[in-house]
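Peer 1: sequence? don't have it. structure:
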């Protein structure tokens, strides 16, 4: 299995082919609907995404210390109890711009993305990885530490940008930097079968 | 009996412990895929995830979904008290990390961290008297349905010329296969289709959703619907969309269809798409206070 470690180099990313299984280690930032809209509309990013990974994920987090008299974000950090990918296609209107402007090298999500993202992956040297949708307990085990959280108040815990340190997060290359998308291939092949079935 | 405690335990089981029929279906699916395929890799990861979530009592999926409680209660039951117990149980389960902070105020965009708000969680109550072939008691089922799969639910109005779908079961079949194709892997395939034929638009979605409480191993009581369920399941799996839309032999785990009367002017086919994480659990409290888990 291929291993990818943060910071992700353009050479390493361009060497990946659609269909290959990979393991990702190092810093990964979560971001979903609110963050993508914010970034694509010109907002600043408090985390460094250059040569980094953006994980389409809204985790379930609990404070490390159970003392309920303290506000939850002041209880000595956080523990991620569940964290799987969310459906990436919702970020399609923003993704290409975010890849270009922030230098993202690895996008992790589920379900695949559209033409603009596929083109941006090829042009800027980025790759889209499919994590296992719904495998939240398993993926949480790969998260070793919550390094930092941003936008907690503004976006809420689920939409916040969590900087996570991961080890061996399993994924499959869905869209590679040569412009190949497994999702497009499956969609087109299934369309042929559908038309055959419907006559 | 403390209903808040009981419903908190119902949430813990639902969010972390996949029902046996769904787990078995995913394991069977893993055996069908070729061993080195992405589909097999994904299905094996799902199987591992299911065991882990159960052992740890942590959510199977981080999207702990819309919580819908389906109640059957004897006449005269204080349903407001039961609904309050459901709200208290949701707040407690959220504090325990069994539910994600998963509720957004649509107008302000702020997170409602307790997950308790107007209409959250959803409770549907039906009265059932003891003499309808049921012992007196309260039965409640909880369904947790994630947003990714809910986004893939849809409704067709027949006839639909673009699909070549007329107002008959062949038309329904065409809608369902088209829905599966449109959904690809976006709803976390392999999924389950809950389907309602007929009714009005709103009731159609509710009846379709209720079908998702059925066991994957059962069949519709009407022979023509049971045959359609089998056929659509087989044909959908022949599309090759596979787990997460990355190709493979398992695109659906089940198809559950119900029919309801309709107006002469309307013929709706409503599809509630559920992801592989069929989080549904039920319990029954008899009139003597004894509690039975239903799956």
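Peer 2: In hand now; what should we look at? Predicted model only: the values in this text are computed from it and were never measured.
Peer 1: so the closest residue to chain A within the stretch 51-200 of chain B bridges to which residues?
Peer 2: Distance from chain A to each residue of the stretch 51-200 of chain B (Cβ to the nearest Cβ) is smallest for residue B:111, at 2.7 Å. To be clear about C-beta, it is placed using only N, CA and C from the backbone, and glycine gets the same treatment. Judged by DSSP bridges, the bridge partners of residue B:111 are residue B:104.
Peer 1: pretty sure it is touching residue A:153, no?
Peer 2: No: applying Cβ atoms under 8 Å as the test, residue B:111 and residue A:153 come out as separate, 9.4 Å apart.
Peer 1: the more surrounded of these two?
Peer 2: Here residue B:111 and residue A:153 are set side by side on neighbour count (other Cβ atoms under 10 Å in any protein chain shown), and the busier one is residue B:111, at 21 against 11.
Peer 1: how about the helices in the stretch 151-295 of chain B?
Peer 2: Assigned by DSSP state H, counting those that start in this stretch, the helices in the stretch 151-295 of chain B fall at B:169-183, B:201-211, B:223-237.
Peer 1: just those helices: most buried one?
Peer 2: helix B:169-183 (a mean of 21; mean count of other Cβ atoms under 10 Å in any protein chain shown).
Peer 1: how about the lengthiest strand in chain A: buried residues?
Peer 2: For chain A, the longest strand by residue count, based on DSSP state E, is strand A:161-175. Burial within strand A:161-175, assessed by neighbour count using 16 or more other Cβ atoms under 10 Å in any protein chain shown, is assigned to A:161-164, A:166, A:169-175.
Peer 1: The helix or strand following it relative to helix B:223-237, how many degrees between them?
Peer 2: Later in the chain than strand A:161-175, the nearest helix or strand by DSSP states H and E is helix A:182-198. Helix A:182-198 runs at 140 degrees relative to helix B:223-237, counting by axes from the mean of the first three to the mean of the last three Cα atoms, to 10 degrees.
Peer 1: Quick one: low-confidence residue ranges for the stretch 51-200 of chain B.
Peer 2: B:131-134 (pLDDT under 70).
Peer 1: and the angle for the helix or strand harbouring residue B:143 with helix B:201-211?
Peer 2: Residue B:143 is part of strand B:137-145, with elements assigned from DSSP H and E. Angle of strand B:137-145 versus helix B:201-211, following the same axes, to 10 degrees, is 100 degrees.
Peer 1: what comes up buried for the helix or strand just after strand B:137-145?
Peer 2: Downstream of strand B:137-145, the next assigned helix or strand under DSSP H and E is helix B:147-150. Of all the residues in helix B:147-150, those buried under the rule 16+ other Cβ under 10 Å are B:147-150.
Peer 1: how near is residue A:62 to residue B:101?
Peer 2: Here residue A:62 is placed at a distance of 10 Å from residue B:101 (Cβ to Cβ, to the nearest Å).
Peer 1: Neighbouring strands - and their directions - for the strand holding residue B:143?
Peer 2: strand B:66-73 (antiparallel), strand B:279-286 (antiparallel).
Peer 1: Identify the residues contacting it?
Peer 2: B:7, B:10-11, B:14-15, B:64-74, B:77, B:82, B:209, B:212-213, B:272, B:274, B:279-287, B:294 (Cβ atoms under 8 Å, 6 or more residues apart in numbering or on different chains).
Peer 1: hmm, try it at 6 Å
Peer 2: Defining contact as Cβ atoms under 6 Å, 6 or more residues apart in numbering or on different chains, one finds that strand B:137-145 is touched by B:10, B:14, B:64-73, B:213, B:279-282, B:284-287.
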